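S.K.: here is my input; please provide its structure:
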Amino acid sequence: MTNWINTVSRDHVERAVRGRFTQANHGKPHMLRKMARGDWLIFYSPRTIYPDGLPLQAFTAIGRVADDEPYQAELSPDLQPWRRNVDYLECVETPIRPLLENLDFIEDKSRWGYKFRFGVFRISDADLQIIRSAMVPAGVEGATVAP
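M.R.: Residues are numbered from 1 along each chain as shown. The predicted structure follows:
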């Protein structure tokens, strides 16, 4: 099982949660093909609205990949993004700044935003647990990460 961060504006995350899917890198399939059923997926939103919304800098959703392969959604003849199905957990939006010092995937704490420029990237089980513990209320089904 792999843990992923997907960098997406909050407005796009909200649409994805309602539709129970995710997209990556503006609808391209490459990173979605690396994901497997059961992988954890955390969404980081630098802004409220793409592309010019207010700065947010928060984790905005968390879920697990729920299918085996990416699929193409036909939104219009010119727009057919690749997607994966996701089962989302109930969670609270969580600012990143209080977590920065404890996150190993952020190697240079003075330039912490750099990592998110890659869009989708892997994180460790320890980083997943730190973020998930901050986002998921106690008592919610699936609130603990199995080793």
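S.K.: low-confidence ranges in this structure?
M.R.: 140-147 (pLDDT under 70).
S.K.: contacts only, for Asn102.
M.R.: Residues near Asn102 by Cβ atoms under 8 Å, 6 or more residues apart in numbering: Ile130. All C-beta spots, glycine's among them, are computed from the backbone N, C-alpha and C.
S.K.: can you count the residues close to Arg83?
M.R.: Arg83: 21 surrounding residues under other Cβ atoms under 10 Å.
S.K.: does Thr7 really touch Tyr114, like I thought?
M.R.: No: between Thr7 and Tyr114 there is no contact under Cβ atoms under 8 Å: 11.4 Å.
S.K.: now the strands for the chain?
M.R.: Along the chain, counting by DSSP state E, strands occupy 3-7, 21-22, 40-47, 55-65, 71-72, 82-88, 94-95, 120-123.
S.K.: before we move on, the earlier item: between Thr7 and Tyr114, which is the more surrounded one?
M.R.: Neighbours were counted for Thr7 and for Tyr114 using other Cβ under 10 Å; Thr7 has more, 18 against 11.
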